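Engineer: Need the 3D shape of this:
(one chain, ligands or ions: 2)
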Amino acid sequence: MTAEPLLDVRNLKVEFPTRHGRLEAVSDVSLRVEPGETIAVVGESGSGKSVTAQAVLRLLPRTCRTGGSVRFNDRDLAGLTESQMRRVRGAEIAMVFQDPMTSLDPLFTIGNQLVEALRLHLPLSRRQARQRALELLREVGLPEPERRLRAHPHELSGGQRQRVMIAIAIACNPALLIADEPTTALDVTVEAQILRLIRRLQADHGTALLLITHDMGVAAEMADRIVVMYAGKVVEQGTVEEVLLDPRNPYTRALLESIPRPGLDRHSLMPVIRGTVPGLAEMPPGCRFHNRCPSALDRCRTEEPTLLELADGRQSRCWLHDPNTRRPDLTTSRGAGHVQ
Ligand SMILES: Nc1ncnc2c1ncn2[C@@H]1O[C@H](COP(=O)(O)OP(=O)(O)O)[C@@H](O)[C@H]1O
Ligand SMILES: [Mg+2]
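Structural biologist: Ligands and ions are numbered 1, 2, ... in the order given. Prediction:
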C-alpha cells in the first residue's frame, strides 16, 4: 500500500533568531505518519522534538524561519491562511502537552473550558456542548463526570487533568493526535493508565498518533515506528522492532541503555548518557554526538555525517557505517592497552 501518508514532513528546517544570529534548532527532518499509525519521536531534552511538532502546527513565533514542507491530508499546511490553519488545529490535528495545568485556565471550571473548546469547532448549543462534554469525560474514564464539570483544574489530580485534555483533544475526532510528552509529569502508574487510554481511543477512532517522548520505554510500548532525533536532526528511524532489537546508531543504543528497569522511577533515572544535548550556539563540528559517543573516530570530529542508507534499507546518521571511514589500527591500540 503506497497511499498518501496522513502527515508528510520533508526536510523541515527551523531557525530561531538568537543573540548569536540565526541558529538552526531543527535541520533536515523528514518523517511520515500513515492513517491510524503511531510514530514516536524520541530523543533527550533539547533534541528538537517540540520545535518539530510546533512547526507542523504552525505554532512557532513569527520571527522563526522555516524551510521544507509539511503536507497533511494531501494539503500543504504552509499554504493555508491563519484561519484555515485554526480549523485544522483541534478539528483535524489535536494536540496534548506535557503539563495540562498550562493548557487549562485555573480560573474557569472544567465544564466551562470543555464547552468552550467544543463550541469553537462544532456547531453546538451550550446545552448540547455540555451533554457532549459529559460523554467525553465518561469516554476518557473520569468517574463522576457531572461533579468534574463543576470542578476547577486544581481540584483534579495530574492524571485527571490529562484525561480532560485528552477529552478536549478527541472531541472533534481528529485524524491525527500530536502528544508532546503527555505523561512526563505523571507518576509511573498514572502514566500507564494514560497510555492505555490513548491506545484504546486510537483503536476506537482510528486516530494516528505522533508521540513525542524522551523515554524509549514509552516509545517501545506505544509505537509502530520510531524516529530518533539528536541535536535537531534525525539520526535513525525504523520499525519499533528494528530500532529496539537492532539499533544501528550509537545514540539510539545509548538511549536504549537508559530504559529503566522495572521497579525504578524512570524519571529520576533519565538521562544516563554522559553530558547533555548541545545548545543551538554550541553545536560541535563534525557529528553533533561525537563528544558523547563511545565509538567516535577521527572523521566524526571533523565531518558531519549524512543520513546513510544502509544495505538493508535502514537509515542511520553515523560514519561507522561508511566503509570509507578510516578505523584506528586495532592491533597497535590493543597492544598499547596491554602495556600495563
Ligand atoms: N523560542 C526559541 N528560541 C530559541 N531557541 C529555542 C526556542 N525554542 C526552542 N529552542 C531551542 O531549540 C532546541 C530544541 O528545543 P525543543 O524542540 O524544545 O527540544 P525537545 O522538545 O526535544 O526537548 C533547544 O536547543 C532549544 O533551546
Ligand atoms: Mg519538548
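Engineer: how about the strands of the stretch 151-300 of the chain, start to end?
Structural biologist: Using DSSP state E, counting those that start in this stretch, the strands of the stretch 151-300 of the chain run over residues 176-180, 208-213, 225-230, 233-239.
Engineer: now the ones you listed in TSV, with mean pLDDT and distance to Val29?
Structural biologist: (Glycine included, C-beta is placed from N, CA and C.) Shown next, in TSV, are the strands of the stretch 151-300 of the chain (pLDDT from 0 to 100; distance: least, CB to CB, whole Å):
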stretch	mean pLDDT	distance to Val29
strand 176-180	97	14
strand 208-213	98	12
strand 225-230	98	7
strand 233-239	97	6
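Engineer: Next, format those as JSON lines and append mean neighbour count.
Structural biologist: Below are the strands of the stretch 151-300 of the chain laid out as JSON lines (neighbours: other CB atoms under 10 Å):
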{"stretch": "strand 176-180", "mean neighbour count": "24"}
{"stretch": "strand 208-213", "mean neighbour count": "25"}
{"stretch": "strand 225-230", "mean neighbour count": "26"}
{"stretch": "strand 233-239", "mean neighbour count": "23"}
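Engineer: Tell me which of those sits nearest to Glu309.
Structural biologist: Each of these has some distance to Glu309 by CB to CB; the shortest is strand 233-239, at 11.8 Å.
Engineer: Show residues contacting the closest one.
Structural biologist: 27-31, 48, 224-229, 243, 247-249, 251-252, 288-289, 307, 314-318 (CB atoms under 8 Å, 6 or more residues apart in numbering).
Engineer: Taking strand 225-230 as reference, get the angle to it.
Structural biologist: Per axes from the mean of the first three to the mean of the last three CA atoms, to 10 degrees, the angle that strand 233-239 makes with strand 225-230 is 160 degrees.
Engineer: Please compute how far strand 233-239 lies from its chain's middle.
Structural biologist: 13 Å (CA atoms, centre = their mean, to the nearest Å).
Engineer: and that strand, which strands flank it?
Structural biologist: Counting by DSSP bridges, the strands paired with strand 233-239 are strand 225-230 (antiparallel), strand 315-316 (antiparallel).
Engineer: Alpha carbons of that strand, as PDB, please.
Structural biologist: Taking Å, rounded to 0.1, in the frame of the first residue of the first chain, the C-alpha atoms of strand 233-239 are listed here in PDB:
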ATOM      1  CA  LYS A 233      18.500  16.000  13.300                       C
ATOM      2  CA  VAL A 234      17.000  12.600  12.700                       C
ATOM      3  CA  VAL A 235      19.800  10.100  13.400                       C
ATOM      4  CA  GLU A 236      17.800   6.900  12.900                       C
ATOM      5  CA  GLN A 237      14.400   5.700  12.000                       C
ATOM      6  CA  GLY A 238      12.700   2.300  11.600                       C
ATOM      7  CA  THR A 239      10.000   0.000  12.800                       C
END
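Engineer: So is that strand next to ligand 1?
Structural biologist: No. Judged by CB under 6 Å from any ligand atom, strand 233-239 and ligand 1 are separated, with a smallest distance of 11.1 Å.
Engineer: Nearest to ligand 1: which residue in the stretch 51-200 of the chain?
Structural biologist: Val51 (3.4 Å; CB to the nearest ligand atom).
Engineer: Give the bridge partners for the spatially most central residue of the chain, please.
Structural biologist: What sits nearest the mean C-alpha location of the chain, by CA atoms, centre = their mean, is Ile212, with 1.8 Å. Under the criterion DSSP bridges, Ile212 forms beta bridges with Val41, Asp180.
Engineer: Relative to ligand 1, how far out is it?
Structural biologist: Noted for Ile212: a distance of 7 Å to ligand 1, by CB to the nearest ligand atom, to the nearest Å.
Engineer: so who does that residue touch?
Structural biologist: Per CB under 8 Å, 6+ apart, neighbours of Ile212: 40-41, 49-50, 52-53, 178-181.
Engineer: tell me which of those residues is nearest to Arg138?
Structural biologist: Using CB to CB, the contacts of Ile212 come closest to Arg138 at Ala179, 20.9 Å.
Engineer: can you pull the contacts of that closest one?
Structural biologist: Here Ala179 is in contact with 95-96, 198, 209-212 (CB under 8 Å, 6+ apart).
Engineer: The helix or strand containing Met95 and ligand 1 in contact?
Structural biologist: Assessed by DSSP states H and E, Met95 sits inside strand 93-96. No. Judged by CB under 6 Å from any ligand atom, strand 93-96 stays clear of ligand 1, getting no closer than 13.4 Å.
Engineer: avg pLDDT for that strand?
Structural biologist: What strand 93-96 shows for mean pLDDT is 94.
Engineer: what about the residue nearest to Ala78 when sequence neighbours are not counted, distance to Leu124?
Structural biologist: Spatial nearest neighbour of Ala78, chain neighbours left out: Val70 (6.5 Å); criterion: CB to CB, 6 or more residues apart in numbering. According to CB to CB, to the nearest Å, Val70 stands 30 Å off from Leu124.
Engineer: Thanks again, I'm all set now.
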